[in-house]
Each structure stands twice: as structure tokens, then as C-alpha cells.
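Chemist: Got a predicted model here, sequence first, then my questions.
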Amino acid sequence: MIPNHPLDSNAYPAQSDSDGQRPDKPEEACGVFGVYAPGQDVAKLTYFGLYALQHRGQESAGIATFEGNQVHLHKEMGLVSQVFSETILNQLPGDLAVGHTRYSTTGSSRVVNAQPAVVETRLGKLALAHNGNLVNTTQLREELLRRNWDLITTTDSEAIALSIATEINAGKDWLEGAICAFRQCKGAFSLAIGTPDGLMGVRDPNGIRPLVIGSMGTSPERYVLASETCGLDIIGAEYVRDVEPGELVWITQEGLASFFWAEQPKRKLCIFEMIYFARPDSIMHDETLYSYRLRLGRQLAKESPADVDVIIGVPDSGIPAAIGFSQASGIPYAEGLIKNRYVGRTFIQPTQTMRESGIKMKLNPLKDVLTGKRIIIVDDSIVRGTTSRKLVKALRDAGATEVHMRISSPPVTHPCFYGIDTDNQDQLIAATKSVAEIAEQIGVDSLAYLSWDGMLKTTGEDTNSFCSACFTGDYPITVPEQVKRSKLMLEKSATC
Ligand SMILES: O=P(O)(O)OC[C@H]1O[C@H](OP(=O)(O)OP(=O)(O)O)[C@H](O)[C@@H]1O
Ligand SMILES: NC(=O)CC[C@H](N)C(=O)O
Ligand SMILES: [Mg+2]
């Protein structure tokens, strides 16, 4: 049995807030970054890259730089801006760096679990930054313990790093060793791995989480890896292409080499990256996600119109769909909610009165815009329903006479096992309630979700090329029964 840290039975320790639900932990996915740029300040480039990827994870941040065989590492709990100062960055010299912003999915939110994970191998140290989540962590960790490795974290990411080290120590080189280890990993992994000899970028055979390649010029060739293109833009790197599902890119002084290591790669990008997680200025499938989300909003307006005076969006991620809804319906768009962008996750627990005012700490309604108006409020998703319920009350308190809600994706009915720690299924409001029941619970005059067909039509790509398990329960990578049990409401078998 694997020793289980008391905090680690779930990535997020079970706690209750005043609603009897866990604290407001938004759905996110980690951000990874890597850069090979001899002669450049790689720590600072990584710092800015992580800054642009901050929305993907806000629990901890870290950077590891390689100066020949020497590795310099700094990681801490907190936002990128809190973890790094000019002084700290100056202590991270080198030609190559990897960085990470974490949103925990396996292993609790503690500094020991922060990334990059650095492990010693026969060929020198490796530093690994992981976005995604494995579904066979238990087996990998048991195997590592059997081989007498000390597991110092409780993450799946350390298990990947040590599996590579095991292969290297058995005599393989970086590429062979890494490929052997990746073939043992089941689940989602987009990785940036630093070694003394080069930088590796990898995606699992389904490419569930994104990873892009950028160029910072030639002679010498300098390359960047980032979870999203917004991580390239900030440092002036030019987008080259995506790392493909089941591909490994190996970046050294010789340039960039590509290896396809997976037997049957099958593209299954997480569709929620497109709908919600990734930044609207990031490019996926040749367009900004802003444009994609506008189109989702337009489709939603065609499917579910309502006779109202004004359309408003839920900041931040619901705004593009609200603008699209307004464009297609001809009903004016207005800002009706102002978001405090500085409400992090680690703020001091508020007083009881403040807790009751709930949403206003994050979103404050604009009375002048709302008083006496019939409104449609557009958001990208309803997960637990906490945001919508508090929001609808706040909008009515601010004077809205009718509140209709429109959601630019289908109902979220299933939890994610691939890198987004959505709640257990029984906490997902659409898993147990009909649309009419949800409308009643959140207190709206009407509620409509984007249809499944409408979403696919808007997305345009081959419909099989996405993971949409959160809407369908159709998991493209088999999730072992005991892992499923941790989150899914499974029917009891007749023998129990
Ligand atoms: O139903 P719930 O469990 O409350 O979650 C759904 C809400 O959470 C997300 O937004 P979030 O507040 O995380 O941030 P963002 O839109 O600013 O990215 C999402 O866009 C919804 O608004
Ligand atoms: N959200 C993620 O991508 C998390 C990466 C990894 N599973 C961890 O918990 O650290
Ligand atoms: Mg939102």
C-alpha cells in the first residue's frame, strides 16, 4: 500500500464553506513553460511566460534553470508575482529553463508538491513540469516503491519523473528512457522537461491538454514550449506549431527533433479548454478562443432567444459568448457586472457577513445598468451552480426585473479525471437535476444551455477529435474502477 498523506486523500482537502460546499475553487488546469535559449535570461523569460499562464493554476509556482549540469530551482506556494522577485530570478542562471503554475489534481496543495519536480538520474538531474493527470498513479507509485525510490511528494508528476529516472538508470539515454516511461503512463500529460542535454516537450497519445512550440530566432536556434500561445506572445516568441498528440520534441544545440512514440495517437483535446480554461487571446485550431466563444454565443442566441432589454456576460470567461449573443440577437450588450481581478484563492477567510454577501467580493453588479431592465445573463458553464445562484440574487437586488440565463456549453454532468479537479459527480448540479430544476434552484426566469449539436457545429472540427467527457461521461482514456469510484456516482451492483 502507498503511504497516504492525510491531506492527500483528495487533491483538495474536504472542507465546507457556508453553503455546505467546498470553498470556491475554480476549475483550472496547470500551466507549463520551457525555454531553450543559450545566452538569454531564461529565468526571466520563464517568469513572464508563467505570468501569462497564471490563469491555469494559482496554488504554487516554480522555475528550474540548467547551467550545464547544475540545476537551480525555486518554487513556493502563491502566485507567480508573489513567488519570484528580481533578486530570486537573478539567482537562476542558465541556458534552459522549465516553469510551472500549479492547480493540484493529484497530491494536495503543499509546497513539497509544487513543480517543477526535480529528480537525480545517472545522466544528471531532470526537471519536469506537468499539466494533466494520470489515472494509474497508484500502480506507478507502487512500482517505484518496489524499486526502493523515496517518494517525497504525493503527486502523479513525481511518478512520471521517477519512472524516467528508473529507465535512465537502467542504461537508456534521455530519449529512450523518457519514451519507455511515457508508455507506462496512462492519462493526460503535457510536459516540459529540462535536462543538462536539452529540453523535451511531450503530449500524451490523446493530446488532452494543449502544448505549443514557439521560436525565438535562429543561430543559435532558440525554442519555447508553453501550454498556450499567450505564453509565447508575452515574450515575443513566434508560434511555430502545436506539439502533436503522442509526440516528443527534443530541443538541443542541434535544433528541434521530433519523435512519435505513441502507438495509436488519437487527438482528443479537452473541449473545455476551448470553452473556458484557456485565455481568449490564445490560438487553438487557427483562431483565437475569443472568436470561437463569440460563435458559441451566436449559436446560443439562435437556439434560445428571449425578449429582453439587455445582454450581460459573467466576467471573465462568459463575456465573449455574451457579445456573440448580442450580435446575433440584435439586443444591446452592456457591462452589468464588474469583477475584482485581485480576488485570489488564498485571501484571508472573510467575516460571516462578508461570506453572506458572497459573490460581491468577486463580482459587483452595476445598478444603473440593471435597474428596471429585463436581462439575459450569459456564462460559459454552470458547474456546481454556486456562481449562478449568488449572481442571480445579486442581479435582482440591483433592480433587474427579469433574469434569464443562457449557457454557452451543454450541462456538465461528469467529473474530469484528466487534469481539472471538477467536483465529485454528486456536486455537479446538472448530474442530478433537470434544466427546469436547475432554473428553479438558481432562481432564474428561464434557463437554456447550448445544445450538444450546436456546440459541435460551432466547433467545426471532426467531432471525435475532442474529449467531451464532462458533458457525456464518455472517457477516451479508460479510468480504472477504483479511480472512478472516487468521483462518480456509480450504481451499486446487485451483489452489494
Ligand atoms: O457553477 P460554479 O461551480 O459556480 O462554476 C461555474 C463558474 O466558474 C467559472 O468561472 P470562474 O469564476 O472560475 O472564473 P472566470 O470566468 O473569471 O475565469 C465559470 O466560468 C463559471 O462562471
Ligand atoms: N492541473 C494539473 O495539470 C495538475 C498537474 C499534476 N497532476 C499535479 O497535481 O500537480
Ligand atoms: Mg466564469
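Modeler: Happy to help now that I have it. Ligands and ions are numbered 1, 2, ... in the order given.

Chemist: CA atoms for contacts and neighbours, from now on please.
Modeler: Fine.

Chemist: residue ranges for the helices of the stretch 251-400 of the chain, please.
Modeler: 271-272, 289-303, 319-329, 352-357, 367-370, 386-397 (DSSP state H, counting those that start in this stretch).

Chemist: Indicate whether the last one makes contact with ligand 1.
Modeler: The reference is to helix 386-397. Yes - looking at helix 386-397 against ligand 1 by C-alpha under 6 Å from any ligand atom, the contacts come from 386-387.

Chemist: quick revisit: quick one: which of the helices of the stretch 251-400 of the chain has the weakest pLDDT on average?
Modeler: Lowest mean pLDDT of the helices of the stretch 251-400 of the chain: helix 352-357, a mean of 56.

Chemist: So, low pLDDT: which residues of this structure?
Modeler: 1-27, 343-361, 461, 491-496 (pLDDT under 70).

Chemist: interface residues of it facing ligand 1?
Modeler: Proximity of the chain to ligand 1, by C-alpha under 6 Å from any ligand atom, involves residues 26-27, 315-317, 379-387.

Chemist: And for Ala192, the neighbour number?
Modeler: For Ala192, the neighbour count with other C-alpha atoms under 10 Å is 31.

Chemist: Return the residues in contact with it.
Modeler: The contact partners of Ala192, by C-alpha atoms under 8 Å, 6 or more residues apart in numbering, come to 32-34, 98, 128-130, 199-202, 225.

Chemist: Separate out the buried members of those residues.
Modeler: Neighbour counting by 16 or more other C-alpha atoms under 10 Å classes 32-34, 98, 128-130, 199-202, 225 among the contacts of Ala192 as buried.

Chemist: Contact partners for the one residue in the stretch 351-496 of the chain that gets nearest to ligand 2?
Modeler: In the stretch 351-496 of the chain, the residue that lies nearest ligand 2 is Gly419 (4.5 Å; C-alpha to the nearest ligand atom). Under the criterion of C-alpha under 8 Å, 6+ apart, the neighbours of Gly419 are 29-30, 105, 131-133, 188.

Chemist: hmm, back to that, what's the most buried one of the helices of the stretch 251-400 of the chain?
Modeler: helix 319-329 (a mean of 26; mean count of other C-alpha atoms under 10 Å).

Chemist: and that helix, what does it pack onto?
Modeler: helix 289-303, strand 310-313, strand 374-379 (3 or more C-alpha pairs under 8 Å, 6 or more residues apart in numbering; DSSP states H and E).

Chemist: Okay, and Ala181 sits in which element?
Modeler: Assigned by DSSP states H and E, Ala181 belongs to helix 174-184.

Chemist: what residues does that helix touch?
Modeler: Helix 174-184 has contacts (C-alpha under 8 Å, 6+ apart) with 123, 140, 160, 163-168, 204, 261-262.

Chemist: how about a cut-off of 10 Å?
Modeler: With contact meaning C-alpha atoms under 10 Å, 6 or more residues apart in numbering, helix 174-184 is reached by 121, 123, 126, 136, 139-140, 159-172, 189, 193, 195, 197-198, 200, 202-205, 246-250, 259-263.

Chemist: Could you export it as CSV, CA atoms only?
Modeler: Extracted C-alpha coordinates of helix 174-184, given in CSV (Å, rounded to 0.1, in the frame of the first residue of the first chain):
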residue,chain,number,x,y,z
TRP,A,174,17.3,10.5,-22.3
LEU,A,175,15.0,9.8,-25.3
GLU,A,176,14.7,6.1,-24.9
GLY,A,177,14.3,6.4,-21.2
ALA,A,178,11.6,9.0,-21.4
ILE,A,179,9.7,7.1,-24.2
CYS,A,180,9.7,3.9,-22.1
ALA,A,181,8.4,5.8,-19.1
PHE,A,182,5.6,7.6,-21.1
ARG,A,183,4.4,4.2,-22.4
GLN,A,184,3.8,3.2,-18.8
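
Chemist: after it comes which helix or strand?
Modeler: strand 190-195.

Chemist: nearest spatial neighbour of Tyr36, skipping sequence neighbours?
Modeler: Leu96 (4.5 Å; C-alpha to C-alpha, 6 or more residues apart in numbering).

Chemist: still on that earlier bit, let's have the helices and strands packed on helix 319-329 in TSV, adding distance to Gly324.
Modeler: What follows is the helices and strands packed on helix 319-329, written out as TSV (distance: least, C-alpha to C-alpha, whole Å):
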stretch	distance to Gly324
helix 289-303	4
strand 310-313	10
strand 374-379	10
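
Chemist: With distance to ligand 2 as new columns, can these be given to me in TSV?
Modeler: Formatted as TSV, the helices and strands packed on helix 319-329 follow (distance: least, C-alpha to the nearest ligand atom, whole Å):
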stretch	distance to ligand 2
helix 289-303	20
strand 310-313	26
strand 374-379	22
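
Chemist: who wins for proximity to Pro410 among the ones you listed?
Modeler: Closest to Pro410 of the helices and strands packed on helix 319-329 is helix 289-303 (C-alpha to C-alpha; 10.4 Å).
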